[in-house]
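Undergrad: Here is my input, please return the structure:
(2 chains)
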Protein chains: 2
Amino acid sequence: MEAFEILLPLAFILLLSKLMGLGAHKIGMPAVIGMLVAGVLIGCLGYIPWQPLKDAFFGADVKKGIDIISKIGVVLIMFSTGLGTDLKKLKQTGGAAVVITLFGVIVPMGFGTLVAFLFANAGLIPNQGVLSWLFYGAILTATSVSVTVAVLKELGKLDTKLGTSVVAAAVIDDVIGIIVLSVLTGFSSGGDGAGWNWFNPNAALVTIKIVVFFVVAIALGVALRKIFDIMERKAPHNRRVPIISLAACFLYAYAAEKFFGVADITGAYVAGILLGGTLSETPYVENKVDTMGYLFFSPVFFASIGMNLDFSGITPSFLAFGAVYVIAALAGKFLGCGLGAKLCKFSWMDSVRTGLGMMVRAEVILICAERGVSAGLVSGAIYPFVFLIILISSVLTPIFLKLSYRKELRRIPRSNLPSNWGETEQ
Amino acid sequence: MEAFEILLPLAFILLLSKLMGLGAHKIGMPAVIGMLVAGVLIGCLGYIPWQPLKDAFFGADVKKGIDIISKIGVVLIMFSTGLGTDLKKLKQTGGAAVVITLFGVIVPMGFGTLVAFLFANAGLIPNQGVLSWLFYGAILTATSVSVTVAVLKELGKLDTKLGTSVVAAAVIDDVIGIIVLSVLTGFSSGGDGAGWNWFNPNAALVTIKIVVFFVVAIALGVALRKIFDIMERKAPHNRRVPIISLAACFLYAYAAEKFFGVADITGAYVAGILLGGTLSETPYVENKVDTMGYLFFSPVFFASIGMNLDFSGITPSFLAFGAVYVIAALAGKFLGCGLGAKLCKFSWMDSVRTGLGMMVRAEVILICAERGVSAGLVSGAIYPFVFLIILISSVLTPIFLKLSYRKELRRIPRSNLPSNWGETEQ
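TA: Reported below is the predicted structural model:
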């Protein structure tokens, strides 16, 4: 392939993703659904028996190019998520968020692991041992509250105790999720998954590597923050800050995967947290990174997942597993977070709302699933069910959240509801 | 290669390019020189006899990934150049700019072609026929006045007759240059270069294809402008506008190269012109495209040229050719543009200044040279000399321009000279 030939599939991905994203937005769904559908549609082109078309969209070199761009895309998404994670803010919201997250991580992870364990041991899905079961569980810990935030904002309820708790819980959720993922990835690369035990010398080495990674990452991050602090005092909004940040993100991601057996997305996320928060240049860097993301890299990542969708692995027994897995995903988050909220003395109604709000998944669950599949611990046939989790949760949550506020909303004058929220982003 | 492994060379390219770019800026040279040097330095890593290092930076898959990112980079640069080209503004500056450009294109192109013709026929460089000689000439038509603009701005002379003429001439220069390049690329892909003649049926086909390309491109561009006009009246600054623009740029570049035998960079440039100018969303799109460019794609493009620098093709006779070629590049522009200015009744001093101002080359000459090399019409050994042209012109022009204004500047109070112009861009 000559390099220019990548431009055709890229142009199609961008156009179709935007079109489908707008369509998804019109019917009240997150744009990520539209981008995935765009990928599926492009994937369908592969069934047209015309060789030039196949070469143009699915040639080995084209695939490699899209893989590389997707990888940069996923690293940028996690970096941006990290940049938006303000750990200091968590202190303000108090203990509620921590309790909600804890139950919101343990219950769905438990549900997912249990479902995978039962189906694997019944011989209905391939049995790959404890690491694999745990990974199926870990995927379900992800939360993406952007839909919930949009709904609460629209209802004027974002600044309530419920709203701030949900946002804070989602942050802690990401942190815990990424640690779980790192540990699982570490152990999966550190030796035989099925024979995993803590007294295995390999396991000890993996644990040491993970600890060393976090120590080194934090030490370097603190040093980099000091440098940025000096740089921004000299002259704010310099191009050098986002460029160096980006390079740091790439280095963290690379080193995490290459030397520490931790996932590259963990490296990018940690880089984001370390360069985010209180640094005054953070919003500037985040803005630049997000521009690159939404304009080019993210659509390519989501579409590539859609393009690679393969239904051939879905046997009747896997279909049964998938259905139960989807229910575990939704019920696990809803029950876990609702229980956590109730324990923190939320009203019954607010507990239900918390469960609903935390139930929504979007990009992070996809990234975690992709990680499990590429580590060989999770079947590629899981993707359609992950889609379903995103689809169902992002359809149900807005509907039920709005219903739950119907009584209260009657008291608010209509003009207080900004109907065009987020519109310019489309 | 696994996709994440591209992150290491990318991080190095970004860091080193920024560092070298800052260094170049400190000593008064354009950042592009720094980025090229960064590439050369990374290229030197290839001489360290340590296989993991070689694989990490120069493995076949890594190279392919960087090639693809570079290609996107060069397309974005040309798209952005096109977006910044306001054809309507040219009317205001009158005929002077046209005359300056005409001589500024013909003289250096003539010089370059003549030098290539003489050296080829003397057997000092490989003789590849008339298309090859013309391509050596066409490379020299490129102008990049950003250094000149910066100097004139610093001196407070940008809004003079001289300043506006130089800026306008540079715009026409790009347009003519791109047409020359398209024609040469078309003919080089349309058949045997050495046997080129207008009555050859192949040549007729090539000519038709080039004409059809411009007709189709302009027709589609006008339609797209209408759509954008409607979209921006509904809601300005929507993300959809830069995304669709980007997709259009990619499609134009792809179609130009694939179906019309015109260079992909021509397609991107034409897309930029068609979506630029009077469209009210243009600055918004340009800003987004430039962010992607300076933050990621441009450094990778420039560094990759530096990385691929190969001195093995530089024989003593090629060295002689290169030296004369550099002189032809500088003298051709200086004499051509100076003559044009004098014919337009500029003073002798202003004619000299015009020649100096138009002499500077930067990214476009590199892109043209890269194009000639990849078409097989220009030797890869030309790169070091193209570097020299950029280096010498961007060192000499600021010095002599400032000297030429020394007398007048004594009359201006010191405080009128903004010394920190453009600083936040670094």
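
Undergrad: CA only for contacts and neighbour counts going forward, please
TA: Fine.

Undergrad: Let me see the confidence value for the residue nearest to A:L366 when sequence neighbours are not counted.
TA: Leaving aside its chain neighbours, A:L366 sits nearest to A:V386 (6.9 Å; criterion: C-alpha to C-alpha, 6 or more residues apart in numbering or on different chains). Per-residue confidence (pLDDT) for A:V386: 93.

Undergrad: How about the secondary structure of A:V386?
TA: Counting by DSSP: H, G, I helix; E, B strand; the rest coil, the backbone at A:V386 sits in helix.

Undergrad: Just list the residues touching it, thanks.
TA: When contacts are counted by C-alpha atoms under 8 Å, 6 or more residues apart in numbering or on different chains, A:V386 touches A:326, A:365-366, A:369.

Undergrad: how near is it to A:W133?
TA: According to C-alpha to C-alpha, to the nearest Å, A:V386 stands 16 Å off from A:W133.

Undergrad: try A:G306
TA: Applying C-alpha to C-alpha, the value for A:G306 to A:W133 is 24 Å.

Undergrad: again with A:L330
TA: For A:L330, the distance to A:W133 - C-alpha to C-alpha - is 18 Å.

Undergrad: How about A:A323?
TA: From A:A323 to A:W133 the distance is 16 Å (C-alpha to C-alpha).

Undergrad: What are the buried residues along stretch A:115-125?
TA: In terms of neighbour count (16 or more other C-alpha atoms under 10 Å in any protein chain shown), stretch A:115-125 has its buried residues at A:115-120, A:124-125.

Undergrad: ignore the last one, stretch A:136-154
TA: Buried, per 16+ other C-alpha under 10 Å, within stretch A:136-154: A:136-149, A:151-154.

Undergrad: Likewise for stretch A:218-225?
TA: Neighbour counts over stretch A:218-225 (16+ other C-alpha under 10 Å) mark A:218, A:220-221, A:224-225 as buried.

Undergrad: Any chance of CSV for those residues, columns secondary structure and pLDDT?
TA: Below are these laid out as CSV (DSSP: H, G, I helix; E, B strand; the rest coil; pLDDT from 0 to 100):
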residue, secondary structure, pLDDT
A:I218, helix, 91
A:L220, helix, 91
A:G221, helix, 90
A:L224, helix, 88
A:R225, helix, 87
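
Undergrad: Residue nearest the middle of chain A, spatially speaking?
TA: A:V364 (0.7 Å; C-alpha atoms, centre = their mean).

Undergrad: Verify the stated contact: that residue with A:T141.
TA: No: counting by C-alpha atoms under 8 Å, A:T141 is not a contact partner of A:V364; they are 9.5 Å apart.

Undergrad: Might you name the residue of the stretch 51-200 of chain A sitting closest to chain B?
TA: Relative to chain B, the nearest point of the stretch 51-200 of chain A is A:I68 (5.1 Å; C-alpha to the nearest C-alpha).

Undergrad: tell me the contacts of that residue?
TA: Counting by C-alpha under 8 Å, 6+ apart, A:I68 makes contact with B:3-4, B:6, B:65.

Undergrad: which of these sit farthest apart?
TA: Taking C-alpha to C-alpha as the measure, the contacts of A:I68 span a maximum distance of 11.0 Å, between B:F4 and B:G65.

Undergrad: any idea how far A:A38 is from A:L10?
TA: As defined by C-alpha to C-alpha, A:L10 lies at a distance of 12 Å from A:A38.

Undergrad: Between these two, which has more neighbouring residues?
TA: Ranked by neighbour count (other C-alpha atoms under 10 Å in any protein chain shown), A:L10 and A:A38 place A:A38 first, with 30 against 25.

Undergrad: quick one: secondary structure of the more buried one?
TA: Secondary structure state of A:A38, per three-state DSSP, is helix.

Undergrad: which strands and helices sit next to the strand or helix carrying A:K153?
TA: For A:K153, the element it lies in under DSSP states H and E is helix A:146-155. Contact partners of helix A:146-155 among helices and strands, from 3 or more C-alpha pairs under 8 Å, 6 or more residues apart in numbering or on different chains; DSSP states H and E: helix A:161-189, helix A:383-404.
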